[in-house]
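Return a 3D structure for these sequence lines:
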Amino acid sequence: MMNGLHVKWFTDVSSTKESLDNVLSPVFMWIALGVALLLAVLTQVLPSIMRVSALGKFDQQVERLRPWTFRILQYGTAVSLLWSLLEGNLFAPEFAPPEGTVYIVVWVTIALLLIPYHYTSKLAAAILLGLFIYNISEYGLFHMLDYGFYLAIAGALLLHQTPLQRWAYPLLYLGTGLSLCWVAVEKWIYPAMSLDIISNHHVPTFGFAPEVFVVLAAFIEFVVGYLLVVGILNRLLSIVLTLIFISTTMLFGYVEIVGHFMIHIILVLFIVEGVSFYKPPVEMHKSKLDRMVFVGLNFLFVLATFLLIYYKFA
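Next up, the predicted model:
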């Protein structure tokens, strides 16, 4: 599987942009419509899914870990930054090693995150935000949107133990979901990189032509991100996405583990927290038909928006 994979980490093929006519192929359009219908139906079968007894027992078990979620985020972020730094990069394997003042600032951020005091974690979050902005100046805004979840992490740390604390985890859901959607679009706009990875790393395509498999893989990743944002099946999605990342780790090894360690920490938080703290947008609609129309049409709107923005600016 290639879901969750940052293709730039594993190929040296130049990023040649596909024409929009080729991107919006009949295969792409039919899959998009099929996914929209599937998501609309999902809103109706969701209550039955959540009544499965095994899921209920699992929910009870993970609920016990809720008091530790902030510490998991705080220390997980520290470990992720430390691991990246020891590997000679900041945020992701594709970036150059931090040097001079930036190198020292990263170490300070790690140290502050390891102190179990909310004021030091807020200071670390502010510095993390500054480091992200610094990387934007080095690599560009649209490149750094691949890692927009770090902005959400900084926001969640800053909001902890404040009157706005209830927005911390919704922000994390939103930032992670949008990052997954953004990364998925890359596979449609620059398919040559993904196709090179399939060829060189012998990625199984399960009987699909490589070109079709790339489209499908990107759709799976985009749908997961979209569902995190709209608030459907967040706990189950986190488990599924964790399994997907584990499958890519088996193919791509150590670099994949280091690069996606922070995502794994976030997914652990989502598994523990579920959606009880989050008022998902789909809850604004009460009737079954309204929910189906909202989820299906909104998916197509979000898909078109991401696709056009990425194609125009990235």
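
give me every residue that touches residue 164.
With contacts defined as CB atoms under 8 Å, 6 or more residues apart in numbering, residue 164 is in contact with no residue. Quick note: C-beta positions are derived from backbone N, CA and C, even for glycine.

now it: how far from residue 219?
Using CB to CB, to the nearest Å, one obtains 35 Å as the distance from residue 164 to residue 219.

One more: residue 92?
Distance from residue 92 to residue 219, counting by CB to CB: 23 Å.

And for residue 306?
Between residue 306 and residue 219 the distance is 12 Å, computed by CB to CB.

try residue 48
Taking CB to CB, one finds residue 48 at 24 Å from residue 219.

Just want to know which of the two has more residues nearby.
residue 219 (20 against 8; other CB atoms under 10 Å).

in whichever strand or helix holds that one, what's buried?
Using DSSP states H and E, residue 219 sits in helix 210-230. Within helix 210-230, the residues that qualify as buried are 210, 213-230, counting by 16 or more other CB atoms under 10 Å.

swap in stretch 119-133?
121-125, 127-129, 131-132.

how close does residue 301 get to residue 121?
37 Å.

got the angle for whichever strand or helix holds residue 312 vs helix 210-230?
Assigned by DSSP H and E, residue 312 belongs to helix 288-313. Angular relation of helix 288-313 and helix 210-230 on a 0 to 180 degree scale: 120 degrees, by axes from the mean of the first three to the mean of the last three CA atoms, to 10 degrees.

Distance from helix 288-313 to the middle of the chain?
Distance of helix 288-313 from the chain centroid (CA atoms, centre = their mean, to the nearest Å) equals 17 Å.

Please apply the same query to stretch 141-158.
10 Å.

any idea of the mean pLDDT for that stretch?
Stretch 141-158 shows a mean pLDDT of 90.

Return the set of buried residues in it.
143-158.

Sitting in helices, which of the residues you listed do you find?
Those of the buried residues of stretch 141-158 mapping onto helices are 143-144, 149-158, per DSSP state H.

From those, pick the one nearest residue 76.
residue 153 (9.1 Å; CB to CB).

wait, isn't the closest one in contact with residue 172?
Yes - the criterion here is CB atoms under 8 Å, and residue 153 meets it with residue 172 at 6.9 Å.

Give me the common contacts of the two.
By CB under 8 Å, 6+ apart, the residues touching both residue 153 and residue 172 are 73, 266.

Low-confidence ranges, the stretch 51-200 of the chain, go.
The model of the stretch 51-200 of the chain has pLDDT under 70 over residues 51-56, 59.

Could you report the separation of the residue lying farthest from the centre of the chain from residue 85?
Within the chain, the residue lying farthest from the chain centre (CA atoms, centre = their mean) is residue 100, at 30.3 Å. Counting by CB to CB, the gap from residue 100 to residue 85 is 14 Å.

Same check on residue 216?
Computed as CB to CB, the residue 216 to residue 85 distance reads 36 Å.

Let's have the buried residues of stretch 119-133 in TSV, adding secondary structure.
Listed next are those as TSV, based on DSSP: H, G, I helix; E, B strand; the rest coil:
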residue	secondary structure
121	helix
122	helix
123	helix
124	helix
125	helix
127	helix
128	helix
129	helix
131	helix
132	helix
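
which of the residues in stretch 160-170 are buried?
In stretch 160-170, counting by 16+ other CB under 10 Å, buried: 160, 167-170.

pLDDT of the helix holding residue 219, averaged?
85.

tell me what it is packed against?
helix 26-50, helix 168-189, helix 191-200, helix 234-252, helix 288-313 (3 or more CB pairs under 8 Å, 6 or more residues apart in numbering; DSSP states H and E).
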